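Fold the stuff below for me.
(chains A and B)
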2 protein chains.
Amino acid sequence: MSRRNAPKSVVKRLPVYLRILDSLIRRDVEIISSRVLSEETGFTAEQIRKDLAYFGAFGTRGTGYNTSYLREKLLRIIGLDRQTKIIVVGFGHLGKALTRYNVSKNPYVDIIGVFDINPEELHTDIPDLKIHSMEMLPEVILADQVKVAMITVPADVAQSVVDLLVDNGVTAILNFAPTKINVPEHVYVHNADLTIELQSLIYYSLEDEKQPEPE
Amino acid sequence: MSRRNAPKSVVKRLPVYLRILDSLIRRDVEIISSRVLSEETGFTAEQIRKDLAYFGAFGTRGTGYNTSYLREKLLRIIGLDRQTKIIVVGFGHLGKALTRYNVSKNPYVDIIGVFDINPEELHTDIPDLKIHSMEMLPEVILADQVKVAMITVPADVAQSVVDLLVDNGVTAILNFAPTKINVPEHVYVHNADLTIELQSLIYYSLEDEKQPEPE
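Numbers count the residues shown, from 1 in each chain, chains lettered A, B, ... in the order given. Reported below is the predicted structural model:
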């Protein structure tokens, strides 16, 4: 099966399962039912069973999943069983924030360098982080065989940055630039949207207002 | 029905549907089937029908959904039919990036102010944005009846910031601080995780490597 055959929505849930498993293992939970996994994630138990079934049979009927075993399998399926080398293009506020966030919270990735048009004007307190000029991009990608990039550049230069990345072998791009970008068939782009979570949060802020109010 | 009865996973998909509808309306599409909505979102058609059925009957069997009508209904359900006033606490790189992102891309929210422990050292090029000291927090929240806050403060002060927000009437918090926070039953917290999207992207970067290689 090609990796692209699993629906995107399923693939997006895999890291959510992983995060829950990490937290369960820290609490010494060894076995978990899909019902409890459902309570922790908000997805239905049926959905969870269907999602995992795309990749194999990991649970025991009537018992549940072994947390460590399932975690190890998920790491391998997602591709997090070894560190992935990534680069960040654009080192403004968002690039800095995302780089710092992933350096401290995402053990599965290794940010090998960041790129900006003004590297000499930039500084960072992230240890060992290399800030390169855009001209260095082909050389760095080639040296480390980088396949994954995160871009936080302005909308009007996003397409040319993406073209440069693709020409040099990048095949997966997380795009924070607020614009649509075009890529060849073999390249996967995910357009990140930092507004979505705030919008669904607003739903919950309204709870009281929608109730009838006492006179 | 209490707003909390719809599963969280359903509520989180509503803004995704909204985004697709916005884009369809911009392209003058008037009617859309759940099959096409499925292709655009990556969720199954069945899932989409089930999600929307929580809130009412919006489509016509065999025809589909009227895009403008469904958009209007979704705006009202989520609570985006009027602008929501929000505040941002913590104005470092992440706070600045998120504020700018929402000011430019999220017409449904009005960021009425940001807070930081060092307001005098901060500056911003976002027009009309007020930067306050933490001491001003109760006054500003009260004046504008703010219910929604985004926090991007360091982990070790997150709980005390949240306590202050809750004491002053905030009921929905988007937490970017990398720590768990405790709130009373009536307050909704969503822990944002900027590492998840990058992790699911890595899945797609591996496609070629997992294929057998020609000799």
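
CA atoms for contacts and neighbours, from now on please.
Will do.

All the strands of chain A, residue numbers only.
Ranges of strands within chain A are A:31-32, A:59-60, A:64-66, A:84-89, A:109-116, A:131-133, A:148-151, A:172-175, A:188-191, based on DSSP state E.

Tell me which of these sits most buried.
For these, the largest average neighbour count (mean count of other C-alpha atoms under 10 Å in any protein chain shown) is found in strand A:148-151, namely a mean of 26.

And the longest helix belonging to chain A, how far out from the chain middle?
Scanning chain A for the longest helix, with DSSP state H as the assignment, gives helix A:8-26. Counting by C-alpha atoms, centre = their mean, to the nearest Å, helix A:8-26 is centred 11 Å from the centre of its parent chain.

again with stretch A:80-90
Relative to the centre of its chain, stretch A:80-90 is centred 10 Å away, using C-alpha atoms, centre = their mean.

Show residues contacting it.
Residues outside stretch A:80-90 that contact it (C-alpha atoms under 8 Å, 6 or more residues apart in numbering or on different chains) are A:72, A:75, A:95, A:99, A:107-117, A:144, A:146-153, B:199, B:202.

Over that stretch, what's the mean pLDDT, rounded is fine.
Stretch A:80-90 shows a mean pLDDT of 95.

Contacts only, for the closest residue to A:P119 other than its chain neighbours.
If the residues on either side of it in the chain are set aside, A:P119 comes closest to A:S133, at 5.4 Å by C-alpha to C-alpha, 6 or more residues apart in numbering or on different chains. By C-alpha under 8 Å, 6+ apart, the residues touching A:S133 are A:115-119.

same check, this time on A:L165
By C-alpha under 8 Å, 6+ apart, the residues touching A:L165 are A:137-138, A:149.

swap in A:D51?
By C-alpha under 8 Å, 6+ apart, the contact set of A:D51 is A:V10.

Can you give the domain ranges for chain A?
Domain segmentation of chain A under automatic domain parsing yields A:3-78, A:84-196.

now for those domains, which one comes closest to B:N182?
Taking C-alpha to C-alpha, domain A:3-78 is the member of those nearest to B:N182, at 16.1 Å.

chain center to that closest one: distance?
Distance, stretch centre to chain centre, for domain A:3-78: 17 Å (C-alpha atoms, centre = their mean).

Repeat that for stretch A:88-95.
Worked out by C-alpha atoms, centre = their mean, stretch A:88-95 lies 16 Å from the chain centre.

Now the terminal residues of it, how far apart.
When the termini of stretch A:88-95 are compared using C-alpha to C-alpha, to the nearest Å, they are 7 Å apart.

mean pLDDT for the domains of chain A: which is lowest?
When the domains of chain A are compared by mean pLDDT, domain A:3-78 comes last with a mean of 88.

what is the residue nearest to A:Y188 when sequence neighbours are not counted paired to in the beta sheet?
Spatial nearest neighbour of A:Y188, chain neighbours left out: A:A172 (4.7 Å); criterion: C-alpha to C-alpha, 6+ apart. Beta-bridge partners recorded for A:A172 (DSSP bridges): A:V148, A:Y188.

So for A:E40, what's the nearest residue that isn't a sequence neighbour?
A:I20 (7.1 Å).

show me what contacts the one you found?
Here A:I20 is in contact with A:37, A:40-41 (C-alpha under 8 Å, 6+ apart).

would you list those residues in a markdown table and tack on neighbour count?
Output for those, formatted as a markdown table (neighbours: other C-alpha atoms under 10 Å in any protein chain shown):
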| residue | neighbour count |
| --- | --- |
| A:L37 | 20 |
| A:E40 | 14 |
| A:T41 | 18 |
